[in-house]
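>>> A predicted structure for the sequence below; I have some questions about it.
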Amino acid sequence: MTIAGVLDEHLECRTLAHAWRYTDVTRDGRNWVQGRACTRCECLKYVTISPKGELVSSRYVYPKGYTIPGGVTADDRNALRLRSVGAEPARKPKRRRSLRAVS
């Protein structure tokens, strides 16, 4: 999939970031694991927190169709922002060839 295949329901999260809500808290040994769910795209995030409150790790579970193999470049993000406001990305001007006089 490319950015052209990004679903409309994932577009806001791709341009604004996820809108998290807390789901649950569990223990993993001495650490806490805080569950979060995105209210828009249903992405899940699990944050492991140490007894001192330090972030130990984060793990994501993405909804079907969210991930893009190879990731997203800065130009891809720009194009997604333009799509979110209903604009078309600017096209790169074509390079003109110089004309040489033929003798």
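Thanks, I have it.

>>> now the helices for the protein?
8-16, 74-84 (DSSP state H).

>>> the first one packs against which elements?
Same thing as helix 8-16. Applying 3 or more CB pairs under 8 Å, 6 or more residues apart in numbering; DSSP states H and E, one finds that helix 8-16 makes contact with helix 74-84. All C-beta atoms are positioned from the backbone trio N, CA, C, and that covers glycine.

>>> one more time with 10 Å
strand 31-38, helix 74-84 (3 or more CB pairs under 10 Å, 6 or more residues apart in numbering; DSSP states H and E).

>>> now it - C-alpha only, PDB.
Taking Å, rounded to 0.1, in the frame of the first residue of the first chain, the C-alpha atoms of helix 8-16 are listed here in PDB:
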ATOM      1  CA  ASP A   8     -10.200   8.300   5.300                       C
ATOM      2  CA  GLU A   9     -10.800   7.000   8.800                       C
ATOM      3  CA  HIS A  10      -7.000   6.900   9.400                       C
ATOM      4  CA  LEU A  11      -6.200  10.200   7.800                       C
ATOM      5  CA  GLU A  12      -6.800  12.300  11.000                       C
ATOM      6  CA  CYS A  13      -4.500  10.100  13.000                       C
ATOM      7  CA  ARG A  14      -1.800  10.300  10.400                       C
ATOM      8  CA  THR A  15      -2.000  14.200  10.300                       C
ATOM      9  CA  LEU A  16      -3.000  15.100  13.900                       C
END
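
>>> give me the mean pLDDT for that helix.
Averaging pLDDT along helix 8-16 gives 89.

>>> before we move on, the earlier item: please produce CSV containing the helices of the chain, extended by mean neighbour count and distance to Asp28.
CSV is the format used below for the helices of the chain (neighbours: other CB atoms under 10 Å; distance: least, CB to CB, whole Å):
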stretch, mean neighbour count, distance to Asp28
helix 8-16, 16, 27
helix 74-84, 14, 33
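
>>> mind putting these in CSV, distance to Tyr60 included?
Below are the helices of the chain laid out as CSV (distance: least, CB to CB, whole Å):
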stretch, distance to Tyr60
helix 8-16, 11
helix 74-84, 18
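
>>> looking at those, which is nearest to Tyr22?
Of all these, it is helix 8-16 that lies closest to Tyr22, at 17.3 Å by CB to CB.
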